[in-house]
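Q: Give me coordinates for this.
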Amino acid sequence: QVQLVESGGGLVQAGGSLRLSCAASGRTFRKMGWFRQAPGKEREFVAAIDWSGGSTRYADSVKGRFTISRDNAKNAVYLQMSSLKPQDTAVYYCAADDTFVIKTSAPLYNYWGQGTQVTVSS
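A: Residues are numbered from 1 along each chain as shown. Just a heads-up that it's a prediction; the model follows:
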């Protein structure tokens, strides 16, 4: 059974940094991404990366501050978050799929982790 397990969330002050990790059990996916969901809001796209790591996409709200990367040897994807803002506070979810094209819509991802809380204090 495929599992995605996130780690690295926590409490950080505004302007600080966090690195999220997501480990996929037993296999590597062609496409992996990060989404987030704040209380009372819909789940939103944050970043995604293709198999090779050569193609990435970011939400406008995180461009220049977040970096997605992957290590296929470890079946893992990472999200380096810098210059964090209180509005980045949310539960962050790792997502994966076997299609080639990077997509920003949550329903197009078949596999999800349980989420990790990121809280940014002002």
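Q: tell me which element the residue nearest the centre of the chain falls in.
A: Nearest to the mean C-alpha position of the chain, by CA atoms, centre = their mean, lies Trp34 at 2.3 Å. Assigned by DSSP states H and E, Trp34 falls within strand 31-37.
Q: Note down every partner strand of that strand and its orientation.
A: Here strand 31-37 has these sheet partners by DSSP bridges: strand 44-49 (antiparallel), strand 90-97 (antiparallel).
Q: Just give the nearest non-adjacent residue to the residue nearest to the centre of the chain, would you?
A: Nearest residue to Trp34, sequence neighbours excluded (CB to CB, 6 or more residues apart in numbering): Val46, at 4.3 Å. Using the backbone N, CA and C atoms, a C-beta is placed for each residue, glycine as well.
Q: is it true that the residue nearest to the centre of the chain touches Glu44?
A: No: judged on CB atoms under 8 Å, Trp34 makes no contact with Glu44 at a distance of 10.2 Å.
Q: any chance you could map the helices in this structure?
A: With DSSP state H, there are no helices along the chain.
Q: Please enumerate the strands of it.
A: Using DSSP state E, the strands of the chain run over 4-7, 10-13, 18-24, 31-37, 44-49, 56-58, 66-71, 76-81, 90-97, 111-112, 116-121.
Q: nearest to Thr104, of those strands?
A: Closest approach to Thr104 among the strands of the chain (CB to CB): strand 44-49, 4.1 Å.
Q: returning to what we had before: could you check how far the residue nearest to the centre of the chain is from Gly15?
A: According to CB to CB, to the nearest Å, Trp34 and Gly15 sit 20 Å apart.
Q: Look up which residues are beta-bridged to Arg70.
A: Beta-bridge partners, per DSSP bridges, of Arg70: Val77.
Q: From what I see, it and Gly53 are in contact.
A: Yes: Arg70 is within contact range of Gly53, at 5.3 Å (criterion: CB under 8 Å).
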